[in-house]
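Colleague: have a look; sequence and predicted model below, questions after that.
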Amino acid sequence: MTIQDDTGAAALARAHGLFNIAGGLWPLLHMPSFEKVFGAKTDRWLERTVAGLLVGIGWTQIRAASVPGGADQARRLGMATAATLLAVDLVHVPTGRIRPTYLLDAAAEAMWLRAWRARAVRPEPAPTRGGSLFAGAAALAAGCVTGGVLAARMLRRRAEAGDSELTRARYIRHPAAR
């Protein structure tokens, strides 16, 4: 698949690349503030690995934006990264493995997927869809709210069942793999 507008696709690649670099640099430069928002991590090496990969992906997207045909590469890389991070967020927030604040990242990743999908070439000119943006935003908001409600219910059930603090908040501290 090729990109419809190389100028717009290059700008999108640069923007998504900067977003990924910023997201990767944050825990590398100041882990305490990152953990304050997203929860304490027991496997810091893993957090740093993911952060480094995000920086590398972002840099690749920015560089790809400036070469002919690079927008296609940036698109594939951006969509794969966003889909992976979105899936991790939506699977692990409801189980209590990671904090509900990761739903903010899920919303951002869904928006990147939507933006890249909108840039794809269509075989025929797309019909004008006035409510398309509103419908997409409403669906995204509904998904985030649903995830938040599911996570809150699960945490409430665990609290009512009398689970220990460690079990209820596994994203804060969890036993190391044996």
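Modeller: Thanks, I have the structure now. Note that this is a predicted model, so its numbers are computed, not measured.
Colleague: just for the chain, where's the confidence low?
Modeller: 1-5, 120-155, 158-159, 161-178 (pLDDT under 70).
Colleague: how does it look with 90?
Modeller: Residue ranges of the chain with pLDDT under 90: 1-8, 41-43, 66, 68-69, 118-178.
Colleague: all the helices of it, in order from the start?
Modeller: Using DSSP state H, the helices of the chain run over 6-29, 31-38, 44-64, 70-92, 102-118, 132-160, 165-168.
Colleague: reformat those helices as TSV; add mean neighbour count.
Modeller: Glycine gets a C-beta too; all of them are placed from N, C-alpha and C. Formatted as TSV, these follow (neighbours: other C-beta atoms under 10 Å):
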stretch	mean neighbour count
helix 6-29	18
helix 31-38	14
helix 44-64	17
helix 70-92	19
helix 102-118	19
helix 132-160	13
helix 165-168	13
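Colleague: my guess is residue 110 meets residue 86, correct?
Modeller: Yes - using C-beta atoms under 8 Å, residue 110 is in contact with residue 86, at 5.8 Å.
Colleague: I'd like to know how far residue 45 sits from residue 23.
Modeller: Per C-beta to C-beta, to the nearest Å, residue 45 is found 18 Å from residue 23.
Colleague: same check on residue 86?
Modeller: Distance from residue 86 to residue 23, by C-beta to C-beta: 13 Å.
Colleague: and residue 66, by the same measure?
Modeller: 21 Å.
Colleague: and the contacts of stretch 14-26?
Modeller: Outside stretch 14-26, the residues within contact range by C-beta atoms under 8 Å, 6 or more residues apart in numbering are 33-34, 50-62, 65, 74, 78, 81-82, 105, 108, 112, 115-116.
Colleague: could you redo the last one with a cut-off of 10 Å?
Modeller: With contacts defined as C-beta atoms under 10 Å, 6 or more residues apart in numbering, stretch 14-26 is touched by 33-34, 37-38, 48, 50-66, 74-75, 77-79, 81-82, 85, 105, 108-109, 111-112, 115-116.
Colleague: overlap in contacts, residue 86 and residue 23.
Modeller: 105, 108.
Colleague: residue 48 is in contact with residue 27, isn't it?
Modeller: Yes - Residue 48 is within contact range of residue 27, at 6.9 Å (criterion: C-beta atoms under 10 Å).
Colleague: anything in contact with each of the two?
Modeller: residue 41.
Colleague: which residues touch the residue nearest to residue 73 when sequence neighbours are not counted?
Modeller: The spatially closest residue to residue 73, leaving aside those adjacent along the chain, is residue 64, at 4.6 Å (C-beta to C-beta, 6 or more residues apart in numbering). Listed by C-beta under 10 Å, 6+ apart, the contact set of residue 64 reads 9-10, 13-14, 17, 70-78.
Colleague: and of these, the nearest to residue 94?
Modeller: Closest approach between those and residue 94, by C-beta to C-beta: residue 78, at 25.4 Å.
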